[in-house]
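> pasting the sequence and the predicted coordinates here, then a few questions.
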Protein chains: 2
Amino acid sequence: MPWRLNSTDVGFEPDFAALLGAKREQSADVDAAVRTIVARVRSEGDAALIELTRQFDQLDLTPSTMRVGEAEIDAAYEATPIETLRALEFAHERIASHHRRQLPKDDRYTDQIGVELGSRWTAIESVGLYVPGGMASYPSSVLMNAVPAKVAGVGRIAMVVPAMRGALNPLVLAAAKIVGVREIYRIGGAQAVAALAYGTETIAPVAKIVGPGNAFVAAAKRHVFGHVGIDMIAGPSEILVIADAGNDPDWIAADLLSQAEHDTAAQSILITDDAGFADAVEAAVERQLKSLSRAETAAKSWAEHGAIILVPTLDDAAPLSDRIAPEHLELAVEDPEALFAKLRNAGAVFLGRHTPEVIGDYVGGSNHVLPTARSARFSSGLSVLDFVKRTSILKLSAEQLRELGPAAIELARVEGLDAHGRSVAIRLNL
Amino acid sequence: MPWRLNSTDVGFEPDFAALLGAKREQSADVDAAVRTIVARVRSEGDAALIELTRQFDQLDLTPSTMRVGEAEIDAAYEATPIETLRALEFAHERIASHHRRQLPKDDRYTDQIGVELGSRWTAIESVGLYVPGGMASYPSSVLMNAVPAKVAGVGRIAMVVPAMRGALNPLVLAAAKIVGVREIYRIGGAQAVAALAYGTETIAPVAKIVGPGNAFVAAAKRHVFGHVGIDMIAGPSEILVIADAGNDPDWIAADLLSQAEHDTAAQSILITDDAGFADAVEAAVERQLKSLSRAETAAKSWAEHGAIILVPTLDDAAPLSDRIAPEHLELAVEDPEALFAKLRNAGAVFLGRHTPEVIGDYVGGSNHVLPTARSARFSSGLSVLDFVKRTSILKLSAEQLRELGPAAIELARVEGLDAHGRSVAIRLNL
């Protein structure tokens, strides 16, 4: 049974706080193991990588078979059914087209005093892309992570994907070919993250590592952070649907289940102003659950983390939504724009009854890598900005230094930084 | 003695790699202590904060004296000499003016199919600003951290600053008043970070925490990361000066010392194409060192981490500079723009002989919170972007869903996600 809350109940606030605070993930304490793995790869390079891959993935590699060959990538692409290729290419084009609008612009200007200021953006030179193996090995995830890097102008993208007993998902290779990623290694886990961060004889190090992974991968990314950049640490998927009684309960039930089927720790929440509609959606969820191939996962997620919250009016949904700060937010209401204007914390918003969140997972064009676990309060989804960095620019001539210098000397003085003051004063003969 | 390298020497590459890899910071292992402190503040709130402040800062607080009163802030401002206030206000205006150009623009458009897409930026609701006590308690740092938050539109900025035995730097309070920060608590260390992240009876929690601090503060920020956002973890300051023989050696020596005086772990590097100039700068550094109030700190930094690298031509400096990826990069050469065009990794660049880095520390207008420890390869200085987050937008009507739906259904099918496919198919009566 999902949580049932009513915002007008006396006990609502503590219940809602409990829903927000509920721990969904069992964070396995893998830090010690990861520390050892990273240290080994760092000191022993390929040898450690090969041994750890034998141990964890039951796969025998050599330095020459570590990398997936061009022929193997091409073969995977050729073997992909044409309708799947078309869907991947359609998605790729739409994602690339949307992300090209995110390229930041350089800025260079001269202020009233004559000081030149500016910002220059450049692409990160090299990026590592982690792609999970097994059940969570998704070609759409390759597109979502690699396209913004390509659009940013990243020169080198090195992809790693674990091949348990040698098996690789051919669709992941096909997606890589479509984006233009040609450097692919059949390695995974903390050892792959370590190889990307520190390099081995075969794998050159990268400057930043992105992409989803299990607890070992997440811990390894945290561990190498600082030496290289990382993207966010993604938690289990979430959806909040704000819906009025004007919806077909079956549509909304399907949307709630689309996140629940990802993971038993996923969370699907419905906020509605109509108790009858709430009941109808709950009944529809129960009905639809049965026919899912991932029924067990979805049922557990819905029973443990699912929630239905009743509010007097849809306007009352806005502050609750902002406290939840959902990864995905569907506004299946009559006037979604008006409601959206009242909201601020959400990774992605899907406006109206005909915009199921799943469109954003695949072909909408926006990115499906989004902030989870309430982090939309302070962070954003993956974008081109994650693959560029900014250099700030200052340029003065002797004249502007005379204008700005005295204030800098004064501040250096009160901060007790003599050499700071001197580096200005000496140029002004002070 | 600083490192001396010559890029044409046979042994240059390993020496340069050793310079890049040299550990400058002793990272004290304070994780266990920090974990305990954070857990205590989280469970005991104000009581823990008061006890820990007594223990670490030798200061007795009560819930009502924790916050610095408006009268105390005003008094600090009034007591500040007029020339210092003028310098702070001049800096404030220039920083605010530059950062206003960084406000990202919303984007909303309709593509050829009729799908509406977009990005909407909103300010983070509340931000905590850590300001160190003691020697590193700088009013300029208050400006650099608080101004971008203000410009972004952050509604609430809560500042914490430790008051060892009750002492607060009045200039820090004056700077806070100038930026318009009125919520200030006299607490510090890991306990202050915990209070900002989780809240206490007296301090409401924030969504993101920024600002520099010691090893305890850095470890606490890492610890609460995920529950709240954090800015970068700043390392010791660095400067790389690329200079030709056309400079006054004394000017360049002063610039090198301006970073060395910050910290014994700071690093100052000179790259030049003229051996005689290199010697002259080294001699000037030795000479100038003696008169600094922080002579001991600067001497140790210069002797242990300082470096002079000789290159055949200035063009040879570019790839070395990109590998160093310096926090601050001065191009004190005849044609700085041409050299800048050949470089990509630097937090901030200072063009020409009349732009000492110190101008950027105080009054240039750009931010002085910049990526250290080679992280300019993958990250940027503090900006307005650190205080906003983006919601991506999708909006389809039934017609566009018919266009996009089939590809989404196909991708959901090959990824084995039934409910994903159904949430689209059910709307298309498929």
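Alright, I've got the coordinates. Numbers count the residues shown, from 1 in each chain, chains lettered A, B, ... in the order given.
> state the distance from the closest residue to chain B within the stretch 101-250 of chain A to A:Ala215.
When scored by Cβ to the nearest Cβ, the stretch 101-250 of chain A has A:Gly229 as its residue closest to chain B, at 3.4 Å. Backbone N, C-alpha and C define where each C-beta goes, glycine included. Distance check for A:Gly229 against A:Ala215: by Cβ to Cβ, to the nearest Å, it reads 21 Å.
> what about those two, which has more around it?
Neighbour count, other Cβ atoms under 10 Å in any protein chain shown: between A:Gly229 and A:Ala215, A:Gly229 has more, with 24 against 17.
> lowest-confidence helix or strand of chain A?
helix A:215-224 (a mean of 92; mean pLDDT, DSSP states H and E).
> quick one: that one to helix B:215-224, angle?
Compare the direction of helix A:215-224 with that of helix B:215-224 by axes from the mean of the first three to the mean of the last three Cα atoms, to 10 degrees and you get 150 degrees.
> A:Leu173 against A:Val68, yeah?
Yes: counting by Cβ atoms under 8 Å, A:Val68 is a contact partner of A:Leu173 at 6.8 Å.
> which neighbours do the two share?
Residues touching both A:Leu173 and A:Val68 (Cβ atoms under 8 Å, 6 or more residues apart in numbering or on different chains): A:Ile184.
> quick check: next helix or strand after the longest helix belonging to chain A?
For chain A, the helix with the greatest residue count under DSSP state H is helix A:82-100. Per DSSP states H and E, the first helix or strand lying C-terminal to helix A:82-100 is strand A:107-110.
> report all helices and strands that the next helix or strand after that following strand contacts.
Downstream of strand A:107-110, the next assigned helix or strand under DSSP H and E is strand A:116-123. On a contact count with 3 or more Cβ pairs under 8 Å, 6 or more residues apart in numbering or on different chains; DSSP states H and E, strand A:116-123 meets strand A:107-110, strand A:388-395.
> quick one: closest of those to B:Ala194.
Among those, strand A:388-395 comes nearest to B:Ala194, with 30.5 Å by Cβ to Cβ.
> now the longest helix of chain A against strand B:388-395, angle please.
Using the same axes, to 10 degrees: helix A:82-100 against strand B:388-395 is 140 degrees.
> so which bits of stretch A:116-135 are buried?
For stretch A:116-135, the neighbour count (16 or more other Cβ atoms under 10 Å in any protein chain shown) marks A:116-133 as buried.
> so how far is that stretch off the chain centroid?
13 Å (Cα atoms, centre = their mean, to the nearest Å).
> first vs last residue of that stretch, how far apart are they?
53 Å (Cα to Cα, to the nearest Å).
> so for it, mean pLDDT?
Taken as a whole, stretch A:116-135 has an average pLDDT of 95.
> ditto for stretch A:13-25
On average, stretch A:13-25 scores 91.
> alpha carbons of that stretch, as CSV, please.
C-alpha atoms of stretch A:13-25 as CSV (Å, rounded to 0.1, in the frame of the first residue of the first chain):
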residue,chain,number,x,y,z
GLU,A,13,3.1,17.9,8.6
PRO,A,14,4.9,15.1,10.5
ASP,A,15,3.7,12.5,7.9
PHE,A,16,4.9,14.6,5.0
ALA,A,17,8.2,15.3,6.7
ALA,A,18,8.5,11.5,7.3
LEU,A,19,7.8,10.9,3.6
LEU,A,20,10.5,13.5,2.6
GLY,A,21,13.0,12.1,5.1
ALA,A,22,12.4,8.4,4.4
LYS,A,23,15.7,6.7,3.4
ARG,A,24,15.0,4.8,0.2
GLU,A,25,18.5,3.5,-0.5
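> and that stretch, anywhere near chain B?
No: for a cut-off given as Cβ under 8 Å from any Cβ of the partner chain, stretch A:13-25 has no contacts with chain B; the smallest distance is 10.5 Å.
> from the centroid of chain A, which residue is nearest?
Nearest residue to the geometric centre of chain A (Cα atoms, centre = their mean): A:Val369, 3.3 Å.
> which non-adjacent residue is nearest it?
A:Leu382 (3.7 Å; Cβ to Cβ, 6 or more residues apart in numbering or on different chains).
> the one you found is in contact with A:Asp231, isn't it?
Yes: assessed by Cβ under 8 Å, A:Leu382 is found in contact with A:Asp231 at 6.2 Å.
> the more surrounded of those two?
A:Leu382 (26 against 19).
> and the one helix or strand A:Ala317 maps to, which residues are buried?
Assigned by DSSP H and E, A:Ala317 belongs to helix A:317-324. Residues A:Ala317, A:Ala318, A:Leu320, A:Ser321, A:Asp322, A:Ile324 are the ones in helix A:317-324 that count as buried (16+ other Cβ under 10 Å).
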